[in-house]
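Engineer: Let me see the structure of the following:
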Amino acid sequence: MNDEIQLISDGDGLAVIGDHAAVERFLVSEGLPSKDLGLPRLRHALDNAAGMAQAGSEIAGNSGRWVKLTKESAHLVDKYGLREGAKSGLPTGVFKGDGGQIKGFVEFAKGAGPLRTGPVGMANIAVVMAQLAMQQTMDEVIDYLATIDEKVDDVLRAQKDAALSDMIGVDLVIEEAMTIREQVGRVSEITWSKVQDTPGTIAATQAYALRQLDALAEKMERKAKIGDLAAAAQEAESKAQEWLAVLARCFQLQDAIAVLELDRVLDAAPEELDRHRLGIRIARQNRLDLISRSTVCLVARMNAAAVAANAKVLMHPAKSPAVVRSSNQVVTGVHDFHGRLGIEAGRQRSETRRWAVAAAEARDKALETGAKGVGAAVSLGGEALDVAGSARDKALETGAKGVGAAVSLGGEALDVAGSARDKALETGAKGVGAAMSLGAEALDLAGSAKDKLSSGIAGLARRRRGDGGGLAEG
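Structural biologist: Residues are numbered from 1 along each chain as shown. Predicted coordinates:
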């Protein structure tokens, strides 16, 4: 019994390859659901390719199962320490069981393991794993559309765009090609010719659906009045689900085209298969990112509308809860949609704010504000009394200082007046004395002048008498 098994991971799934019994024991020991890896079909394709027959024979000699990597199964990559291959770039490891024990796969085995085909075989295994991952998503989308009971064709028929009308028949063509692939085991040139023109129509439909979701988000952002917001939220609730269904259908058909395309490359140019696989993987991730940007934006707008509505529930007790309910419906729908496509995004539901709660909060806030107002008034009144008392004291102090200043100034004025009076009296007395002295001197001068005049006249008379007759004649 060969208990060796080989694990290969590509980030989306885990391939378990080896003896049928060993593979089954490993899956049972880990409790993992799985799908058939389809190695016989891969052998058929490699047998038809030049130089690939040996690789196909070695691959087909093993049993293979595929496990989708989820949060529960992803730990196996770390648990078993898968190591990245130098040439394939894929984490892989070979493990040996312990005497058929279910719990025995715990150590690396020496040697090449069940797959001894080298990089060629690993590349082909990686392609099959990629196809299984996309087919798993396709199944998820089918379940999603059945769950929401959304008829995509009905939505598309209601549109006037010509590209959307062309989309209605695309899924029939692709489903036919997938059926032929399952029956024949390969995609021939004839089969590929039927579907090779469909990607353009699918891409146009996807772009149209994304624009519709963006328009709903923008309308939610523009509305400010609660009535307008409620109407926009109700429209988003009814329309968003429809366009999410169209996007899911587009993604499912694009994955189907990728599966057919890889088979066609395997049949026509197997040496380019691994590079083509990587290119498809990158293009697929780009589509997911594009879808995620629009849907995450819509979720953000709906959550913002719910917050705005809750803030106005007191004045709008009917319309505000309606906005929140519509918002939650859209958010839940987007979250489910993300899960089916494998988009990692957080989920945030809004709780409806009840009117009674809003009223109680408003009452408590009013009481709190009133208490703060009373406290502020008391504090302000106390400050006013303090200011008034201080002003009174300052006024009294200023008044006392004013009276003292007035008394002091009055005393100084009386002193000045007395001094002036004394000076005036003194000056007056001096003036009277000066006048009396001047008058006496004037009298003395007048008396002296009189005496001199009298003496002059007497002398003149004597001279004239002495001359004798001169005086008589005269």
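Engineer: is it fair to say Val16 lies in a helix?
Structural biologist: No - Val16: not assigned to a helix; according to DSSP: H, G, I helix; E, B strand; the rest coil it is strand.
Engineer: Let me know the pLDDT of it.
Structural biologist: Note on Val16: pLDDT of 89.
Engineer: ok, now which ones touch it?
Structural biologist: Ile5, Gln6, Leu7, Val23, Phe26, Leu27, Ser34, Gly64, Arg65, Trp66, Val67 (C-beta atoms under 8 Å, 6 or more residues apart in numbering). Glycine gets a C-beta too; all of them are placed from N, C-alpha and C.
Engineer: Just send the residues you listed back as JSON lines, with pLDDT and distance to Trp243 too.
Structural biologist: What follows is the contacts of Val16, written out as JSON lines (pLDDT from 0 to 100; distance: C-beta to C-beta, whole Å):
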{"residue": "Ile5", "pLDDT": "84", "distance to Trp243": "45"}
{"residue": "Gln6", "pLDDT": "84", "distance to Trp243": "43"}
{"residue": "Leu7", "pLDDT": "85", "distance to Trp243": "40"}
{"residue": "Val23", "pLDDT": "88", "distance to Trp243": "43"}
{"residue": "Phe26", "pLDDT": "85", "distance to Trp243": "43"}
{"residue": "Leu27", "pLDDT": "87", "distance to Trp243": "39"}
{"residue": "Ser34", "pLDDT": "89", "distance to Trp243": "34"}
{"residue": "Gly64", "pLDDT": "86", "distance to Trp243": "39"}
{"residue": "Arg65", "pLDDT": "90", "distance to Trp243": "37"}
{"residue": "Trp66", "pLDDT": "90", "distance to Trp243": "32"}
{"residue": "Val67", "pLDDT": "90", "distance to Trp243": "33"}
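Engineer: Switch these over to TSV; also include neighbour count and secondary structure.
Structural biologist: Output for the contacts of Val16, formatted as TSV (neighbours: other C-beta atoms under 10 Å; DSSP: H, G, I helix; E, B strand; the rest coil):
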residue	neighbour count	secondary structure
Ile5	27	strand
Gln6	22	strand
Leu7	22	strand
Val23	21	helix
Phe26	25	helix
Leu27	17	helix
Ser34	20	coil
Gly64	28	strand
Arg65	22	strand
Trp66	24	strand
Val67	23	strand
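Engineer: My guess is Ala306 contacts Asn328. True?
Structural biologist: Yes - counting by C-beta atoms under 8 Å, Asn328 is a contact partner of Ala306 at 7.3 Å.
Engineer: Just want to know which of those two has more residues nearby.
Structural biologist: Legend: neighbour count by other C-beta atoms under 10 Å for Ala306 and Asn328, higher for Ala306 (28 against 19).
Engineer: Got the phi and psi for Gly11?
Structural biologist: The phi/psi pair for Gly11 (degrees, to the nearest 10) reads phi 100, psi -30.
Engineer: Hmm, Lys68 and it touching each other?
Structural biologist: No - between Gly11 and Lys68 there is no contact under C-beta under 8 Å: 11.3 Å.
Engineer: Give me the more crowded residue out of these two.
Structural biologist: In this view Gly11 and Lys68 are compared by other C-beta under 10 Å, and Lys68 has more residues nearby, 20 against 14.
Engineer: which residues sit in contact with that one?
Structural biologist: Contacts of Lys68 (C-beta under 8 Å, 6+ apart): Asp12, Gly13, Pro33, Ala133, Gln136.
Engineer: So for it, what pLDDT did the model give?
Structural biologist: For Lys68, the predicted pLDDT is 89.
Engineer: shaky segments in the stretch 151-300 of the chain?
Structural biologist: In the predicted model, the stretch 151-300 of the chain carries pLDDT under 70 at residues 160-163.
Engineer: Quick check: the two most widely separated of the contacts of Val16?
Structural biologist: The span of the contacts of Val16, defined through C-beta to C-beta, is set by Gln6 and Ser34 at 14.5 Å.
Engineer: before we move on, back to that, quick one: which of the contacts of Lys68 is nearest to Cys297?
Structural biologist: Once C-beta to C-beta is applied, the member of the contacts of Lys68 that ends up nearest Cys297 is Asp12, at 26.1 Å.
Engineer: Quick check: neighbours shared by Gly11 and Lys68?
Structural biologist: With C-beta under 8 Å, 6+ apart as the test, Gly11 and Lys68 reach no residue in common.
Engineer: any idea which element Arg264 lies in?
Structural biologist: In the assignment (DSSP states H and E), Arg264 maps to helix 226-268.
Engineer: what's the next secondary structure element after that helix?
Structural biologist: Downstream of helix 226-268, the first helix or strand assigned by DSSP H and E is helix 273-311.
Engineer: residues contacting the nearest residue to Ile174 once chain neighbours are set aside?
Structural biologist: Distances taken as C-beta to C-beta, 6 or more residues apart in numbering place Ala256 nearest to Ile174, at 5.0 Å, with adjacent residues excluded. Contacts of Ala256 were listed using C-beta under 8 Å, 6+ apart, and they are Met134, Met138, Ile174, Glu175, Ala177, Met178.
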